[in-house]
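>>> got a sequence here, can you model it:
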Amino acid sequence: MPRKRVIGTWILSLAAASSLGAMACDTKKSANTGPTMTGGGSETPSGGAGGAPGTTGGSPSVDPSDAGGTGGAGVTGGANATGGIGGIGGASATGGARATGGSTSTGGAGPATGPINVLIWNNAVVYGHQSRTTAIPLLKEREAPDDIVFDTKYAHTATLPEGTKDTDADASVFTDAGLSKYDVVFFLNTTGDSLKTKDNNEAAYRAALQKFITAGGGFVGVHSATDTYQGTSWPWYVDMIGANFKDHSGYPTSGTVRFAGGVTAAHPILMAAHTASPWTRNDEWYIFTRDPTTTPLNPVGFQVLLLCKDAPFGERATTWTHELALDAGASRAGRVFYTSMGHDVSAFKEKAVMDLIVAGIEWAAHRL
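Numbers count the residues shown, from 1 in each chain. You can find the predicted model right below:
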């Protein structure tokens, strides 16, 4: 059973329009019983109130066995009101999330033009989502159309039963030289102290990742990337990503996603992904230990993009961005994109979800 605690109502403080950030939601594999609260911490198999699989709005799944939504017209602009939830009919995303042209910045890691080089890291030492490996072929399908190269040399690729954690990993790429070839580091459903490996070089690996991001590199996390380095195990990581996972609804649970107040379809990530608002889909929706926009790193650099609401919990952030303060000597700021979507591989089969992740990668790489 997942460790859970009741969370109080948040007030989401939205960042300046020039900053980018959005919070994420998530729902866990479940039976028919509702979620229970047993304290904060790592995600584990759970029961929970679940809706029927598939989407009732938004983009249909690529897998014909998944129940797709009926779709609808895409959102073309206008800020959503901050109160209340929109209707349940979402729009199907059309077209891939593809930026044209590259950043002229020279700071950070990797080239400013050409393919976006992404390091996939999916070491899960507390709870292992099967999707951390089964999503990789689906990400690879986006390489050619979106001009992205996903490097899986250091990732786990064998499919394991849901919940099976990893016992070791090769983190030797986490050095200044090793990360210099990448534009973005992608934490794909990591959990626990993910860089703690048997070679006992975790401190050096952490330092390299922190330097990469603060020097202008990009970071993307999905779902349990917030169930990584819980509590005080690495405070900088929590401040960088915004918050830790605290609780979740059962999987699958139907949730309605909408733009956060002041956010419109003109936001570069949402525009590239053709994200609909409202958008109803099934997932394991997360709640968090805090409002991520309160991070001490650069709170004005946080922007919540998407809110979600499901039956067990009230409306809260589910997708956000964080542009760090410009570091001394860097020519551009590090960028972070996070969404809590992606518990199960079915999420990565939804075009609308994949378009959102790809657009987040492009933004983090300074291509949007």
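>>> give me the contacts around stretch 206-215.
Under the criterion C-beta atoms under 8 Å, 6 or more residues apart in numbering, residues 107-109, 174-176, 178-179, 182, 185, 195, 219, 234, 236-237, 240, 324, 327, 329-330, 334, 336 lie in contact with stretch 206-215. Heads up, the C-betas are built off the backbone N, CA and C, glycines and all.
>>> now, which of those lie within strands?
Mapping the contacts of stretch 206-215 onto strands (DSSP state E) picks out 185, 219, 336.
>>> of the residues you listed, closest to C308?
Ranked by distance to C308 (C-beta to C-beta), those are led by V336 at 19.0 Å.
>>> which non-adjacent residue is nearest the closest one?
In this structure, V336 finds its nearest non-sequential neighbour in H322, 4.0 Å apart by C-beta to C-beta, 6 or more residues apart in numbering.
>>> one more: L356?
A273 (4.5 Å).
>>> for W279, see how far away the one you found is.
Distance, A273 to W279, by C-beta to C-beta, to the nearest Å: 11 Å.
>>> common neighbours of those two, please.
Residues touching both A273 and W279 (C-beta under 8 Å, 6+ apart): A352.
>>> which residues touch the residue nearest to V336?
Counting by C-beta under 8 Å, 6+ apart, H322 touches 19-21, 240-242, 292, 295, 297-298, 301-303, 335-336, 338.
>>> in a strand, it, correct?
Yes: applying DSSP: H, G, I helix; E, B strand; the rest coil, one finds H322 inside a strand.
>>> ok, which stretches of the stretch 101-250 of the chain are helices?
Taking DSSP state H, counting those that start in this stretch to define them, one finds helices in the stretch 101-250 of the chain at 131-134, 136-140, 143-146, 176-179, 202-214, 235-241.
>>> buried deepest among these, which one?
Comparing these by mean neighbour count (mean count of other C-beta atoms under 10 Å), helix 131-134 ranks first with a mean of 23.
>>> model confidence over it, on average?
For helix 131-134, the mean per-residue pLDDT is 98.
>>> which of the contacts of H322 sits closest to T226?
T226 has its nearest neighbour among those in I241, at 5.9 Å by C-beta to C-beta.
>>> in contact with that closest one, which residues?
Counted by C-beta under 8 Å, 6+ apart, I241 has contacts 219, 221, 225-226, 228, 292, 322, 336, 338.
>>> among those residues, name the least confidently predicted one.
Among these, P292 has the lowest pLDDT, at 89.
>>> ok, the closest residue to K165 other than its chain neighbours - how many residues close by?
Among residues not flanking K165 along the chain, G128 sits closest, at 4.6 Å (C-beta to C-beta, 6+ apart). Here the number of neighbours of G128 (other C-beta atoms under 10 Å) works out to 25.
>>> show me what G128 bridges to in the sheet.
Judged by DSSP bridges, the bridge partners of G128 are G163.
>>> close enough to count as contact, it and L160?
Yes: between G128 and L160 there is a contact under C-beta atoms under 8 Å: 6.1 Å.
>>> what about the residue nearest to L356, neighbour count?
A273, neighbours per other C-beta under 10 Å, totals 29.
>>> test my guess that it contacts E350.
No: using C-beta under 8 Å, A273 is not in contact with E350; the gap is 11.5 Å.
>>> buried only: go through the contacts of stretch 206-215 for me.
The neighbour-count criterion (16 or more other C-beta atoms under 10 Å) marks 107-109, 174-175, 178-179, 182, 185, 195, 219, 234, 236-237, 240, 324, 327, 330, 334, 336 among these as buried.
>>> sorry, back to before: what's the closest of the contacts of H322 to F313?
P292 (16.1 Å).
>>> count the residues that sit near the closest one.
Neighbour tally, P292, other C-beta under 10 Å: 31.
>>> and the helix or strand encompassing C308, what does it pack onto?
Per DSSP states H and E: C308 is located in strand 302-310. Contacts defined by 3 or more C-beta pairs under 8 Å, 6 or more residues apart in numbering; DSSP states H and E place strand 302-310 against strand 253-259, strand 316-323.
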